[in-house]
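# Kindly generate the corresponding structure for this input.
(one chain, ligands or ions: 2)
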Amino acid sequence: MKVAKFGGSSVANGTQIKKVAEIIKQDQKRKFVVVSAPGKRYADDVKITDLLIAMGETYIKGEQYEGYYADVLARFKEIINELELDLALYAEIEKSIKTVLTEDLPDGMKLDRIKALGEDNSAKIVSSYLCKIGLNARYINPKEAGIIVSDDPGNAQILPESFDKIYQLRDVDGILVIPGFFGYTKEGKLVTFSRGGSDITGAIIAAGVKAEMYENFTDVNSVYTVNPAIVNNPKEISVLTYREMRELSYAGFSVFHDEALIPAIKEKIPICIKNTNNPKAKGTFVVAERELDDHVVSGIASDSGFVIIYVSKYLMNREIGFGRKLLQILEDERISFEHAPSGIDDMSVIIRERNLPPEKEEIVLRRIKEELHPDTVSLQRGIALIMVVGEGLVNTIGVAKQAVSAISNAKINIEMINQGSSEVSMMFGIKEEDLEPAVRSLYQSFFE
Ligand SMILES: Nc1ncnc2c1ncn2[C@@H]1O[C@H](COP(=O)(O)OP(=O)(O)O)[C@@H](O)[C@H]1O
Ligand SMILES: N[C@@H](CC(=O)OP(=O)(O)O)C(=O)O
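Ligands and ions are numbered 1, 2, ... in the order given. Model (predicted):
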């Protein structure tokens, strides 16, 4: 049995959904189908999830939401018309949106319920279309499927008790179409995963039903060695290990959600990332282990929007509890950190900018000065991170030297270097404006 997840681009309109149906028809093992909300039909289109978020936020603030509401309905109507589905389904979708908008719910709960409308209605459309073309398909709500999550709106985590219930889906007759992106708490409250979270639903279902494969259908032939928005026509990757993919997706390969690796790793489910628009292409396999080849580096990922807090104090290494106290300040202020590389007399903490708004920045810096009495403390915004990833890194001398040379050849100053303790990655912090030339230079050095 396979789980096939179709991303937003694969269900963006009726033409795409017809391709999805063809793919499902081609392989009877594709019993579990997870779908995203309709995504972009063309480069500067807007995803339904973004329309829903804008609609929800304006509605909650008492502002004009009607334009977004009309846009969402128009998108669903276009799909239903193109697929020639019963208009009763459109009426059902319209009702589902009206009901959620007018329900009397706290704001946090309401926004997640609004966001989930994209995936929920997409799953209803896909299952109706599969039935229309003669397949035995049915829509399954995540509550019925057994997806039980933590009560963390917009950032839910799967709870381990989910998996036994999900296993029972194996015995349900037909093709099961499950909306991605959300689950329910033990108390029955709908909560969404973080953005891009339909990949997580697919991985949870794959782990739960112990699928032989988790296929993730998107709009590219494979995972590329570098983001194709930065380098034209980059080399394709045929196979990656779970840890390589996790580091790469964490660091910016948005093609697959980094948290979606965890359930797959748990059950050692092989993942295959494939193209809905070209299903014959082999795609990229993500597996527990792979044979090492000549390429020490598998991929170069990059992401911007980070802050570095740099703290130095002479004899820091002798001061018991210094690092803990520094991180404790962040914990007290409810700020998560990404990395904390340290030296003898200094320590840096890297935080996502969105987690450190200016009002918190002031508190954190003041507390560091007052409580830790450092020699210096500074904060730098506008930082980008580049992650050079490869299983071969651990046993190969000179990769760091080659990477540093590539970055300095592009005349770019490195703000920070961190050899990941996972041993499959090496991280460089640079200024955001230097990101693209640095990545291009690294790509040239390692792949051309
Ligand atoms: N290294 C990479 N390899 C392939 N695609 C990448 C990479 N980095 C970023 N992407 C982007 O990820 C996109 C696919 O992910 P996403 O937009 O989430 O698709 P979906 O609509 O299927 O969920 C690609 O179109 C590509 O622009
Ligand atoms: N629709 C949600 C979840 C998702 O996974 O979407 P996509 O498959 O289009 O990345 C989002 O936009 O965040």
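# can you list the residues that contact the helix-or-strand element of the chain with minimal mean pLDDT?
Here the helix or strand of the chain ranked lowest by mean pLDDT, DSSP states H and E is strand 416-419, holding a mean of 85. Residues outside strand 416-419 that contact it (Cβ atoms under 8 Å, 6 or more residues apart in numbering): 308, 339, 341, 348, 350, 400, 404, 426-429. Any C-beta I mention is one placed from the backbone N, CA and C, and that applies to glycine too.
# Pull out the buried members of those.
For the contacts of strand 416-419, a burial check counting by 16 or more other Cβ atoms under 10 Å picks out 308, 339, 341, 348, 350, 426-429.
# residue in the stretch 251-400 of the chain nearest to ligand 1?
Distances between the stretch 251-400 of the chain and ligand 1 by Cβ to the nearest ligand atom are smallest at residue 255, namely 3.7 Å.
# Please, which helix or strand holds that residue?
Under the criterion DSSP states H and E, no helix or strand holds residue 255.
# Residue 248 is in contact with that one, correct?
No - using Cβ atoms under 8 Å, residue 255 makes no contact with residue 248, being 9.0 Å away.
# quick one: which of those two has more around it?
Between residue 255 and residue 248, counting by other Cβ atoms under 10 Å, residue 248 is the more crowded of the two (30 against 22).
# dump the residue contacts of that one.
223, 240, 298-299, 301, 387, 389.
# with those residues in mind, which one is nearest to ligand 2?
Nearest to ligand 2 among these is residue 223, at 14.6 Å by Cβ to the nearest ligand atom.
# quick one: average pLDDT of stretch 140-150?
Averaged across stretch 140-150, pLDDT comes to 98.
# my bad, stretch 3-22
According to the model, stretch 3-22 has a mean pLDDT of 98.
# circling back to that earlier point, what's the separation between the residue of the stretch 251-400 of the chain closest to ligand 1 and residue 317?
From residue 255 across to residue 317, the span is 41 Å (Cβ to Cβ, to the nearest Å).
# for stretch 241-255, which positions count as buried?
Buried-residue list, stretch 241-255, by 16+ other Cβ under 10 Å: 241-253, 255.
# Quick check: end-to-end length of it?
15 Å (Cα to Cα, to the nearest Å).
# do it and ligand 2 meet?
No - using Cβ under 6 Å from any ligand atom, stretch 241-255 stays clear of ligand 2, with a minimum separation of 7.8 Å.
# mean confidence for that stretch?
95.
# so which residue of the stretch 1-150 of the chain comes closest to ligand 2?
Closest approach between the stretch 1-150 of the chain and ligand 2, counting by Cβ to the nearest ligand atom: residue 8, at 2.5 Å.
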